[in-house]
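1. how would this look folded up:
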Amino acid sequence: MLYLLAFIFPIAWGTILFVKFGKQETWPKGPYMLGIILTDIFAIASMVAGKPITLFTLSPKVSFAFDMDVVGKWFLAAVLLLYTLTLVYAFVYLKIEEHVPTFLAFYFISLGALIAVCSSANLVTIYFAFELTTLTTVPLVLHEQSKEAVAAGLKYLFYSIGGALLGLLGVFFLYSYSQDPSAFVPGGVLDAAKASGNQTILLVAFFLAILGYGTKAGMYPMHGWLPTAHPIAPAPASALLSGIIAKSGVLVIIRFVFYSVGADFLRGTWVQYAWIGIALLTIFMGSMMAFGEKILKKRLAYSTISQISYVMLGMALLTQEGLQGGLLQMMQHAASKACLFLCAGAFIYLYKKRDVRELKGIGKTSPMILWAFFFAAMSLVGIPPMGGFTSKWHLAQAALNSGLGFLSALAPIVLLVSALLTAGNLFPVVIDGFFPGHEEGEGHGHGHGDRDGKGGDNAHSDRDGKGGDHAHAAAGEQKKGPFEKAPAMMWLPLIGLCLISLVIGLFGNSLVAMFGGIV
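-> Numbering: from 1, shown residues only. So this is what the prediction gives:
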């Protein structure tokens with residue numbers, strides 16, 4: 001029952017709080033903080049003491065069941081860390097948003113859906129949990145309810161549903177040619193005797209399924225939703241979308257390939273080579289598209305396309321070392337990219353600035369936030385001792401040891417080129433923030449908004465134009481840096497996310513030992 005409690009509780013809690021506070025302008029932090037603490041307790045208890053449970057059975061091969069292995073626990077740990085830290089941050093950031101109770105309701109409901117994805121015990125269960133994740137995260141994207149937000153939310157919805165339907169095609173074929181698909185089994189459940197003579201149609205179906213589930217992860221050519229949805233969503237939603245929600249597709253692919261189909265069936269086939277090629281193309285393409293983008297959140301969104309495909313590359317190698325490197329990359333990217341999106345949100349909250357050219361000199365007034373941005377960027381680039389170095393080292397080694405000929409050498413080259421492009425995307429923000437040069441006066445003043453009474457647009461005023469205590473019109477406050485007025489609840493989560501990446505960098509070699517015996 002612990003598995004059921006772990007994902008049903010946040011769904012019920014979010015619904016109850018919406019009924020209670022949904023039409024109010026005020027939203028007390030206490031009930032929401034209590035909800036996330038209880039959710040964490042129930043989820044951790046399910047990780048430690050959860051027992052397999054079958055909710056109900058539709059046929060001998062189709063059942064809804066829940067259980068959790070080491071991979072599910074690894075993903076669930078990332079979900080809990082990001083949702084908890086982001087909620088603390090959101091208590092500050094959401095002061096500039098409307099419809100906050102609605103946002104927080106779907107925040108908890110989507111958390112429950114993700115916990116269900118992590119604890120699903122077979123393909124049918126994880127497919128429905130995966131679809132529930134899509135439906136419950138669309139409101140986070142269209143939260144602002146502007147024309148652009150609604151369009152972005154619908155684009156995300158249509159892409160995700162289309163991808164999931166391709167995935168469902170693979171599930172149909174797998175269930176027709178499997179032994180017992182009622183549980184995930186390392187090595188897969190595909191019946192070799194039944195599959196014999198039908199390899200061609202099965203490979204096509206399985207390849208389409210990988211593309212379909214890869215839609216959520218932004219894998220080419222199904223990546224179009226991601227750079228549209230991320231910039232328009234509130235910063236906490238962007239952090240979750242990039243950090244962990246997009247990776248629900250990664251978990252489903254791991255379950256599909258390594259625990260259902262079996263890596264042996266795909267190894268050495270055109271599916272593996274095409275998968276590796278698409279992953280490498282997406283890595284390079286995402287980095288290139290981010291390079292010239294001026295809107296910071298959109299630049300980070302393109303970077304997400306590239307970085308999640310590192311995980312895809314590790315899986316596509318179909319080796320133990322590749323999967324281990326991919327799982328490390330998944331966690332470090334979750335922490336680092338969430339941190340970067342929250343930093344971008346802090347710049348919006350403090351200065352109403354989204355363009356990277358408007359952030360020059362920002363390090364003098366928001367040093368802690370910019371330092372967090374710097375350390376998270378270090379991890380994405382792959383600079384030791386941050387987690388990105390450890391994960392990418394394992395991925396490069398796995399590629400060189402994969403015995404795939406030309407692709408074995410091409411993969412590390414693409415990883416290095418992508419790292420250079422990522423550095424070119426992110427480090428200029430830090431350099432210009434701390435060392436603005438001769439444009440310091442102009443960039444610094446512009447970035448902070450007019451302090452002489454025009455701060456309604458450029459300071460972090462409320463959307464209704466009242467500004468309230470966010471306008472900083474008092475003369476005494478004008479002499480202070482905006483960061484001095486940013487509470488600890490905004491920057492402490494950033495430090496926590498950087499520490500997670502650092503831990504992965506320092507202890508990554510010990511962590512990969514957990515993922516043995518999968519391939």
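2. mind listing the strands for this structure?
-> 53-57, 63-66 (DSSP state E).
3. lowest-confidence stretch among the ones you listed?
-> Of all these, the minimum mean pLDDT falls on strand 53-57 (a mean of 86).
4. where does the prediction get shaky in the stretch 251-400 of the chain?
-> Nowhere does the stretch 251-400 of the chain drop to pLDDT under 70.
5. comparing the strands of the chain, which comes out most buried?
-> Counting by mean count of other C-beta atoms under 10 Å, strand 63-66 has the highest mean neighbour count of the strands of the chain, with a mean of 21. Any C-beta I mention is one placed from the backbone N, CA and C, and that applies to glycine too.
6. output the contacting helices and strands for it.
-> Packing partners of strand 63-66 (3 or more C-beta pairs under 8 Å, 6 or more residues apart in numbering; DSSP states H and E): strand 53-57, helix 123-141.
7. the nearest residue to Lys294 once chain neighbours are set aside: what's it in contact with?
-> In space, and not counting its chain neighbours, Lys294 is closest to Asp355: 5.3 Å by C-beta to C-beta, 6 or more residues apart in numbering. When contacts are counted by C-beta atoms under 8 Å, 6 or more residues apart in numbering, Asp355 touches Lys294, Ile295, Leu296.
8. setting aside sequence neighbours, what's the nearest residue to the most centrally placed residue in the chain?
-> Nearest to the mean C-alpha position of the chain, counting by C-alpha atoms, centre = their mean, stands Gly243 at 2.2 Å. In space, and not counting its chain neighbours, Gly243 is closest to Ala338: 3.5 Å by C-beta to C-beta, 6+ apart.
9. with Val414 instead?
-> Here the residue nearest Val414, using C-beta to C-beta, 6+ apart, is Leu280, at 4.8 Å.
10. and what of Ser238?
-> Phe341 (4.4 Å).
11. from Thr133, how far out is that neighbour?
-> Distance, Phe341 to Thr133, by C-beta to C-beta, to the nearest Å: 19 Å.
12. okay, those two: which has more neighbours?
-> Phe341 (30 against 26; other C-beta atoms under 10 Å).
13. who wins on neighbours among the contacts of Asp355?
-> Result: Leu296 is most packed of the contacts of Asp355 (other C-beta under 10 Å), 27 neighbours.
14. show the pLDDT at Ser146.
-> The per-residue pLDDT reported for Ser146 equals 81.
15. which residues touch it?
-> Ile232.
16. rerun at 10 Å
-> With contact taken as C-beta atoms under 10 Å, 6 or more residues apart in numbering, Ser146 is in contact with Ala152, Ile232.
17. phi, psi of it?
-> Note on Ser146: backbone dihedrals following degrees, to the nearest 10 are phi -80, psi 170.
18. and the closest residue to Phe103 other than its chain neighbours, how many neighbours?
-> Leaving out its chain neighbours, the residue that sits closest to Phe103 by C-beta to C-beta, 6+ apart is His143, at 5.2 Å. Using other C-beta under 10 Å, His143 has 23 other residues around it.
19. how about the one 5 residues further on?
-> Using other C-beta under 10 Å, the number of residues around Glu148 comes to 12.
20. next one: Val70
-> Quick note: Val70 (other C-beta under 10 Å) scores 14 neighbours.
21. quick one on the thing from earlier: so the residue nearest to Phe103 is in contact with Glu98, correct?
-> Yes. At 8.6 Å, His143 and Glu98 qualify as touching, with contact defined as C-beta atoms under 10 Å.
22. coming back round to it: nearest to Leu174, of the strands of the chain?
-> strand 63-66 (14.9 Å; C-beta to C-beta).
23. next up, the contacts around the closest residue in space to Asn509 that isn't next to it in sequence.
-> In space, Asn509 comes closest to Thr390 once its chain neighbours are excluded; the distance is 7.2 Å by C-beta to C-beta, 6+ apart. Taking C-beta under 10 Å, 6+ apart as the criterion, Thr390 is in contact with 325, 328-329, 332, 379, 382, 384, 501, 504-509, 511-512.
24. any idea how far Lys51 is from Pro181?
-> For Lys51, the distance to Pro181 - C-beta to C-beta - is 21 Å.
25. what's the pLDDT at Ser59?
-> 79.
26. what's near enough to touch it?
-> Val124, Tyr175.
27. likewise for Thr282?
-> If you count contacts by C-beta under 10 Å, 6+ apart, Thr282 has them with 214, 217-223, 305-310, 312-313.
28. neighbours around Ala149, how many?
-> The burial count for Ala149: 17, using other C-beta under 10 Å.
29. likewise for Gln397?
-> 14.
30. how close does the nearest residue in space to it that is not next to it in sequence get to Leu395?
-> Nearest non-adjacent residue to Gln397, counting by C-beta to C-beta, 6+ apart: Glu321, 6.4 Å away. Distance, Glu321 to Leu395, using C-beta to C-beta: 9 Å.
31. neighbour-wise, which of these two wins?
-> Leu395 (26 against 20).
32. which residues touch the residue nearest to Ser238?
-> Taking C-beta under 10 Å, 6+ apart, one finds 86, 230-231, 233-243, 296-297, 300-301, 304, 376 in contact with Phe341.
33. check Phe173 too.
-> Leu190, Ala195, Asn198, Ile201, Leu202, Leu203, Val204, Ala205, Phe206, Leu208, Ala209, Val261.
34. closest to Phe42 out of the contacts of Thr390?
-> Out of those, the member with the shortest distance to Phe42 (by C-beta to C-beta) is Leu511, at 24.3 Å.
35. run the chain-centre distance for stretch 125-140.
-> Stretch 125-140 sits 14 Å away from the centroid of its parent chain (C-alpha atoms, centre = their mean, to the nearest Å).
36. just stretch 221-228 next, same as before
-> Worked out by C-alpha atoms, centre = their mean, stretch 221-228 lies 14 Å from the chain centre.
37. about what we covered before: tell me how far the residue nearest to the centre of the chain lies from Leu5.
-> Gly243 is 25 Å from Leu5, by C-beta to C-beta.
38. that older thread, so between Lys51 and Pro181, which is more surrounded?
-> Shown here are Lys51 and Pro181; by other C-beta under 10 Å, Pro181 has more neighbours (23 against 10).
39. next up, phi/psi of that one, please.
-> Torsion angles, degrees, to the nearest 10, at Pro181: phi -80, psi 20.
40. tell me the contacts of it?
-> Pro181 neighbours (C-beta under 10 Å, 6+ apart): 61-63, 122-124, 171, 174-175, 188-191, 260.
41. now those in CSV, with distance to Lys247?
-> Shown next, in CSV, are these (distance: C-beta to C-beta, whole Å):
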residue, distance to Lys247
Lys61, 28
Val62, 26
Ser63, 26
Asn122, 20
Leu123, 18
Val124, 21
Val171, 20
Leu174, 22
Tyr175, 25
Gly188, 22
Val189, 24
Leu190, 25
Asp191, 30
Ser260, 18
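42. now, of those, which are buried?
-> Ser63, Asn122, Leu123, Val124, Val171, Leu174, Tyr175, Gly188, Val189, Leu190, Ser260 (16 or more other C-beta atoms under 10 Å).
43. output those residues as a markdown table; include the columns distance to Trp371.
-> Below are the buried ones among the contacts of Pro181 laid out as a markdown table (distance: C-beta to C-beta, whole Å):
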| residue | distance to Trp371 |
| --- | --- |
| Ser63 | 50 |
| Asn122 | 45 |
| Leu123 | 44 |
| Val124 | 46 |
| Val171 | 46 |
| Leu174 | 48 |
| Tyr175 | 51 |
| Gly188 | 46 |
| Val189 | 48 |
| Leu190 | 50 |
| Ser260 | 44 |
